[in-house]
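>>> pasting a predicted model and its sequence here:
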Amino acid sequence: MAKTFHLTIARVGETVFDGEALSVHLPGAEGGFTVLAHHEAFVSELKEGEAKVETAEGEKRTVPIAHGGIAEVSGNQATVLL
């Protein structure tokens, strides 16, 4: 069974994604990065681009990031605020 982590992607007043994911690729301010299960804890500023999510079921989703944001990863979960 593939390892997953809890991913939340939210905008003010809207939860865009909240569930288990295999991976998420994000446009970091200093370059793109991918988060997987049990990733080392960190915080990163995001630039304009898109989040590419692979859900626990293997579905691929794309979430536009229009004005940047911030990502926080710790404790086998990731939170992306747009």
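That came through fine.

>>> check the gap between the most centrally placed residue in the chain and Thr55 for me.
Centroid-nearest residue in the chain, with Cα atoms, centre = their mean: Val24, separated by 4.7 Å. Val24 sits 10 Å away from Thr55, taking Cβ to Cβ, to the nearest Å as the criterion. Bear in mind the C-beta positions are built from the backbone N, C-alpha and C, glycine included.

>>> and for Phe42?
According to Cβ to Cβ, Phe42 and Thr55 sit 22 Å apart.

>>> which of the two has more neighbours?
Counted by other Cβ atoms under 10 Å, Phe42 and Thr55 do not tie: Thr55 has more neighbours, with 17 against 13.

>>> pull the distance from the top strand by length along the chain to the chain's centre.
Secondary structure of the chain per DSSP state E: the longest strand is strand 14-28. Its chain's average C-alpha position is 3 Å from that of strand 14-28, according to Cα atoms, centre = their mean, to the nearest Å.

>>> so for that strand, mean pLDDT?
When pLDDT is averaged along strand 14-28, the result is 98.

>>> check stretch 70-79 too.
Per-residue scores along stretch 70-79 average to 98.

>>> export only the CA atoms of it, formatted as CSV.
In CSV, the C-alpha atoms belonging to stretch 70-79 read as follows (Å, rounded to 0.1, in the frame of the first residue of the first chain):
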residue,chain,number,x,y,z
ILE,A,70,2.5,29.6,1.8
ALA,A,71,3.1,25.9,2.4
GLU,A,72,3.7,24.3,5.8
VAL,A,73,4.7,20.7,6.2
SER,A,74,5.0,18.8,9.5
GLY,A,75,3.7,15.7,11.2
ASN,A,76,2.8,13.8,8.0
GLN,A,77,0.5,16.6,6.9
ALA,A,78,0.8,19.6,4.6
THR,A,79,-1.2,22.8,4.6
